[in-house]
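**Q** Provided below for reference: sequence and predicted model.
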Amino acid sequence: MERAGIPTAVLCNLVSIAERVGAPRIVRTRGIPYPTGDPSLDADAEKRWRRQLVDCALEALQTAVHEPTVFEPGETRVAAAAGVDHA
Amino acid sequence: MARIVHYINQFFAGVGGEDSAGAGPVLLEGPAGPGRRLAELVAPEHEIVATVWCGDDVAADKVDEILGLVRSADPDLVVAGPAFTSGRYGLACARVVAAAHQAGVASVASMHEDNPGLDEAGAAAVVASGEVARRMAPSLERLAAGVGRLLAGHTLTAEDGRIGKAARLTVVTDDNAATRAVDLALVRLGGDAAATEIPLPRFDRVTPAAPVADASTVMLALVSEGGLVVADNPDGLESARATKWLRYPLENRDALAAGDYMSVHGGFSTAWANEDPHRILPLDAVRELEAEGAIGGLLGEYFVTTGNGTSVANARRFGVEWAADLRRSGARAAILTAT
């Protein structure tokens, strides 16, 4: 999808695999069976966590990247890699 | 004079763009589109006797039908493309030449090495094209040269611009494996760290898409490989080794109620997903973004498959199809949840 020009934020827990296969925009989540949730939280806190994840995804979609780049939800700015500049 | 049948898509056949992507396949007499220039380049020794075209949306699944039309023109060689970096077209070209090769008909395709179809060409030859159609002229020249070499009885190599899986052939060497291993070790110790007898598969390097300048003006899509389908899985999405993807409506929905949706993914416990489907598809949070104006809108349906032992070839195809679908519907960015 990225190759076809659709910026795509992949929300996943297996970040190392996403990096290895070359996904350009990766948002780190908390568990394999619940990419956009966290059942250990109460309902309100889980909803806030999900909102942080999609906020982070939006940030990723608006950021120019040149290589697989990991975006950490809950941080205002990207922690990662060389080659990141904000659009 | 050898008889060549040329495979192209609906666009290069001059039939139409996305509006005609579901049409075909159709057999035409003689060359068409880029085949006209290719015919000049291979003449007078060889002739394009027929052209088969098919729409990009359906071609990859109609390879048998396409091959039937191709063979009805009795070809000595099947040529497909150039497909440049066009994903659906590249998949179709690769599958057509692979099927022809398997049926005992010599074949060659032309596409860029980043084309996701490249790995599906099997043992058939693929020569490199440029990245975009603007590179048509040099791409056809290289393809024509490859056609000439093939029809003269040669095997195409990297010198001919061949890309993709290297053909492994049995050859007799003067030195046994032990001697060659030591020689190779010495070459590597001498500084050529890349020397090898067996080139390893390259990693698929994806050129990232440009970011969206302002998400508040952009229609977003939700897509997932988490196997989330409507209750009872009426469309039969596979729990593993998926061969298809499905679309379900999101219009007029602000939330996904437990019981209305279920995950059929066979690679993890789906108890959490079934308890709250938003754990796979964050519709509630994205509706908040929409209400706040942080995104321009949300596409009225989501796409879903199961990412569990899914073949790379199928996964590539899903990605190509999703991207084409999103382009048509006006979505410009996506959130992909992955389990």
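**A** Received the coordinates, thanks.
**Q** Residue of the stretch 51-200 of chain B closest to chain A, please.
**A** When distances are taken as CB to the nearest CB, the stretch 51-200 of chain B reaches nearest to chain A at B:G87, 6.2 Å away. Just so you know, the C-beta spots here come from the backbone N, C-alpha and C atoms, and that holds for glycine as well.
**Q** I'd say that residue and A:M1 touch.
**A** No: checked against CB atoms under 8 Å, the pair B:G87 and A:M1 is beyond contact range at 9.8 Å.
**Q** For the two, list the residues in contact with both.
**A** Residues touching both B:G87 and A:M1 (CB atoms under 8 Å, 6 or more residues apart in numbering or on different chains) are B:G319, B:A323.
**Q** ok, now which ones touch B:D254?
**A** B:L283, B:D284, B:R287.
**Q** swap that for B:L237, please
**A** B:G227, B:V229, B:K244, B:L246, B:V264, B:V304, B:T305, B:T306.
**Q** Surely it is in a helix?
**A** No: counting by DSSP: H, G, I helix; E, B strand; the rest coil, B:L237 falls outside a helix, being coil.
**Q** all helices for chain A, in order.
**A** With DSSP state H, the ranges of helices along chain A come out as A:15-20, A:43-61.
**Q** Can you lay out those helices as a markdown table showing distance to B:P44 and mean neighbour count?
**A** Putting the helices of chain A into a markdown table (distance: least, CB to CB, whole Å; neighbours: other CB atoms under 10 Å in any protein chain shown) gives the following:
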| stretch | distance to B:P44 | mean neighbour count |
| --- | --- | --- |
| helix A:15-20 | 51 | 14 |
| helix A:43-61 | 54 | 20 |
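**Q** Could you dump those into JSON lines and include mean pLDDT?
**A** Listed next are these as JSON lines, based on pLDDT from 0 to 100:
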{"stretch": "helix A:15-20", "mean pLDDT": "84"}
{"stretch": "helix A:43-61", "mean pLDDT": "96"}
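**Q** nearest to chain B, of these?
**A** That would be helix A:43-61 among these, by CB to the nearest CB, at 4.5 Å.
**Q** ok, B:P34 - contacts?
**A** B:I8, B:F12, B:P82, B:M136, B:L140.
**Q** For those, which single residue is the most surrounded?
**A** Ranked by the number of neighbours (other CB atoms under 10 Å in any protein chain shown), these place B:P82 first, at 30 neighbours.
**Q** For B:L184, see how far away that one is.
**A** Separation of B:P82 from B:L184 (CB to CB, to the nearest Å) stands at 36 Å.
**Q** and if you look at B:R135?
**A** 36 Å.
**Q** buried set for stretch A:68-76?
**A** Residues of stretch A:68-76 classed as buried by neighbour count (16 or more other CB atoms under 10 Å in any protein chain shown): A:P68, A:T69, A:V70, A:F71, A:P73.
**Q** Those residues into CSV, with extra columns for pLDDT and distance to chain B?
**A** Listed next are the buried residues of stretch A:68-76 as CSV, based on pLDDT from 0 to 100; distance: CB to the nearest CB, whole Å:
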residue, pLDDT, distance to chain B
A:P68, 94, 9
A:T69, 96, 8
A:V70, 97, 13
A:F71, 97, 12
A:P73, 93, 11
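**Q** Now compare those and name the two farthest from each other.
**A** Pairwise distances across the buried residues of stretch A:68-76 peak at 16.9 Å for A:P68 and A:P73 (criterion: CB to CB).
**Q** All the helices of the stretch 151-300 of chain B, residue numbers only.
**A** Using DSSP state H, counting those that start in this stretch, the helices of the stretch 151-300 of chain B run over residues B:177-189, B:271-275, B:283-292.
**Q** Tabulate those (TSV), appending distance to B:L77.
**A** Shown next, in TSV, are the helices of the stretch 151-300 of chain B (distance: least, CB to CB, whole Å):
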stretch	distance to B:L77
helix B:177-189	35
helix B:271-275	51
helix B:283-292	51
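**Q** Nearest to B:E321 among those helices would be which one?
**A** Here helix B:283-292 is closest among those (CB to CB), at 22.0 Å.
**Q** helices or strands next to that closest one in the packing?
**A** For helix B:283-292, the elements it packs on are helix A:43-61, strand B:219-224, strand B:297-298, judged by 3 or more CB pairs under 8 Å, 6 or more residues apart in numbering or on different chains; DSSP states H and E.
**Q** Would you list the strands that the second one pairs with, along with their directions?
**A** It stands for strand B:219-224. According to DSSP bridges, strand B:219-224 forms sheet pairs with strand B:297-298 (parallel), strand B:301-304 (parallel), strand B:333-337 (parallel).
**Q** Quote the end-to-end distance of stretch B:126-138.
**A** 15 Å (CA to CA, to the nearest Å).
**Q** nope, stretch B:189-208 is what I meant
**A** First-to-last residue span, stretch B:189-208, CA to CA: 36 Å.
**Q** Only the buried residues of that stretch, if you could.
**A** Neighbour-count burial for stretch B:189-208, counted by 16+ other CB under 10 Å, picks out B:V206, B:P208.
**Q** same question, stretch B:297-314
**A** In terms of neighbour count (16+ other CB under 10 Å), stretch B:297-314 has its buried residues at B:L298, B:L299, B:E301, B:Y302, B:F303, B:V304, B:T305, B:T306, B:G307, B:N308, B:T310.
**Q** I'd assumed B:D119 was in contact with B:K165.
**A** Yes: using CB under 8 Å, B:K165 is in contact with B:D119, at 7.0 Å.
**Q** And stretch B:80-88, how far out from the chain middle?
**A** With CA atoms, centre = their mean, to the nearest Å as the basis, stretch B:80-88 stands 9 Å off its chain's centre.
**Q** All set now, cheers.
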